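Undergrad: just coords:
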């Protein structure tokens, strides 16, 4: 028994036209009369998965999942060289979420997000607080520039010097001292498919190195799919080089807009991609939130102790409906 709820298939799905030639995949699962809840996946560029559905009691929830622009089942897909990511920005993703809520005729919903999804969930909730009943976040990030620097500009490299050196070695020597995410974004759009493929693999190896605790040298299983890792690497570097188009510190600055919204923040003690201190900063800025710490885990929510806390949080709020 893995502690998850039973597997479930969507009872409805579709492609929502989002403008600029984009179509966003969405699906609904569970009880059509249940408590509405939205899952916001991470990455950016990870896409939603069947695993997300199993964190909710679908007898109690009307669960909505969607793939953010250019990833998962949304179109056009970032794995294709000609796909233009210019309109794939945080503000447009927030607009997509609100457009989806209106499309599904949902008045208010619980918002759930992890990793990058926690940042997007917070930006959405601060803009549309009157549409949010509760918030559940894990692997908390808030979009501060120093958070991007920690993971992608040499911060956590202090703990992984060999892996960081390997990532930097993938950049041409002439630009090795430039911004690494920006350099990789260029490689990922090179005309030579061999250069693109190598860059995607190198980038995803770096992401894998810092993912779990204890650390693993193995490539995360999701990155074994060439199309997935290409789309993921392109979208992540697209966002990181622009610091997600967020003013530095704006999410914490505006956390007062969440006043009155109950929240659960779940953070692992040894999360190297989203250190627990970031969750603590959010907790202090948002008194209605409760911080739950998972010991002996990293940035991998599939760890049993982590999964238990995710389900405990969704069960807790289901009981309020």
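TA: Done, it's in. This is a predicted model, so every value here is computed, not measured.
Undergrad: so where's the stretch 1-150 of the chain shaky on pLDDT?
TA: 1-2 (pLDDT under 70).
Undergrad: which stretches in it count as strands?
TA: 12-19, 22-30, 35-40, 61-66, 109-114, 132-138 (DSSP state E, counting those that start in this stretch).
Undergrad: partner strands of the first one and their direction?
TA: Meaning strand 12-19. strand 22-30 (antiparallel) (DSSP bridges).
Undergrad: and residue 267, its phi and psi?
TA: Taking degrees, to the nearest 10, you get phi -130, psi 140 for the backbone angles of residue 267.
Undergrad: quick one, what contacts it?
TA: Counting by C-beta atoms under 8 Å, 6 or more residues apart in numbering, residue 267 touches 138, 139, 140, 274, 276, 278, 279, 280, 291, 292, 293, 294. Where you see a C-beta, it was placed from the backbone N, CA and C, and this is true even at glycine.
Undergrad: the closest residue to it other than its chain neighbours: neighbour count?
TA: In this structure, residue 267 finds its nearest non-sequential neighbour in residue 279, 3.9 Å apart by C-beta to C-beta, 6 or more residues apart in numbering. Burial of residue 279 is recorded as 26 neighbouring residues (other C-beta atoms under 10 Å).
Undergrad: list phi and psi for residue 279.
TA: Main-chain torsions, residue 279, degrees, to the nearest 10: phi -70, psi -40.
Undergrad: show me what contacts it?
TA: Counted by C-beta under 8 Å, 6+ apart, residue 279 has contacts 137, 140, 265, 267, 291.
Undergrad: outline the domain layout of the protein.
TA: If you go by automatic domain parsing, the domain ranges for the chain are 12-145+246-318, 147-244.
Undergrad: first-to-last residue distance for the first one?
TA: Here the two ends of domain 12-145+246-318 are set 21 Å apart, with distance taken as C-alpha to C-alpha, to the nearest Å.
Undergrad: same deal with stretch 247-262?
TA: Distance between the two ends of stretch 247-262: 25 Å, counting by C-alpha to C-alpha.
Undergrad: do stretch 154-162 as well
TA: 12 Å.
Undergrad: what's the answer for stretch 81-96, then?
TA: 23 Å.
Undergrad: report the buried residues of that stretch.
TA: For stretch 81-96, the neighbour count (16 or more other C-beta atoms under 10 Å) marks 83, 85, 88, 89, 90, 92, 93, 94, 96 as buried.
Undergrad: and if you look at stretch 253-271?
TA: 254-255, 257-258, 261-268, 270-271.
Undergrad: how far off centre is stretch 4-24?
TA: Offset of stretch 4-24 from its chain centre (C-alpha atoms, centre = their mean, to the nearest Å): 16 Å.
Undergrad: please disregard the earlier target; I meant stretch 105-122.
TA: Centroid separation between stretch 105-122 and its chain, computed with C-alpha atoms, centre = their mean, is 10 Å.
Undergrad: same question for stretch 162-181.
TA: Going by C-alpha atoms, centre = their mean, where stretch 162-181 is centred and where its chain is centred differ by 25 Å.
Undergrad: which other residues reach that stretch?
TA: By C-beta under 8 Å, 6+ apart, stretch 162-181 touches 148, 152-154, 157, 183-184, 187, 198-199, 202-203, 205-206, 209-210, 236-237, 240-241.
Undergrad: first-to-last residue distance for it?
TA: OK, stretch 162-181 end separation, C-alpha to C-alpha: 18 Å.
Undergrad: quick one: buried residues of it?
TA: Per 16+ other C-beta under 10 Å, stretch 162-181 contains these buried residues: 163, 164, 167, 168, 170, 171, 180, 181.
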